[in-house]
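Asker: Any chance you could fold what I've pasted below:
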Amino acid sequence: MRCSLTYPKKVRRKLKRLPKEAAAGIIRALELLAEEESPHLQVKHLTNSPLFSLRVGVYRVILAFEHQQLVSVAIDPDHRKNAYD
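Answerer: Purely as a prediction, here's the structure:
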């Protein structure tokens with residue numbers, strides 16, 4: 001079963017500011033994750049939070065899953081030193 005992938009406006013702006021190779025890598029990783037049968041098993045669950053973290057090179061993409069609609073929402077792609085602030 002495939003998840004639909006949503007990029008909020010804030011995320012689209014951040015992706016445009018990243019180097020093209022990094023943005024393409026993040027988008028490719030998210031698309032591959034959306035194709036997985038159980039995508040929530042492929043990412044790290046953040047402690048005391050409903051959010052997940054996906055590692056893409058030096059970047060971290062913070063994700064949320066809405067199981068009823070099978071939607072994953074990329075919340076904040078950022079460099080790993082800033083991702084968890």
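Asker: can you tell me the average pLDDT over the helix ranked longest in the chain?
Answerer: In the chain, assigned by DSSP state H, the helix with the most residues is helix 20-35. Average pLDDT, helix 20-35: 90.
Asker: right, and the helix or strand after it?
Answerer: strand 44-45 (DSSP states H and E).
Asker: Other residues contacting the next helix or strand after that next one?
Answerer: For strand 44-45, the following helix or strand on the C-terminal side (DSSP H and E) is strand 52-56. Strand 52-56 has contacts (C-beta atoms under 8 Å, 6 or more residues apart in numbering) with 22, 25-26, 29-30, 33, 40, 42-46, 60-65, 77, 80, 83-84. All C-beta atoms are positioned from the backbone trio N, CA, C, and that covers glycine.
Asker: Packing partners of the longest helix of the chain?
Answerer: strand 4-6, helix 9-17, strand 52-56, strand 59-66, strand 71-79 (3 or more C-beta pairs under 8 Å, 6 or more residues apart in numbering; DSSP states H and E).
Asker: again, only using 7 Å
Answerer: Other elements packing on helix 20-35 under the criterion 3 or more C-beta pairs under 7 Å, 6 or more residues apart in numbering; DSSP states H and E are strand 4-6, strand 52-56, strand 59-66, strand 71-79.
Asker: quick check: angle from it to helix 9-17?
Answerer: Counting by axes from the mean of the first three to the mean of the last three C-alpha atoms, to 10 degrees, helix 20-35 points 140 degrees away from the direction of helix 9-17.
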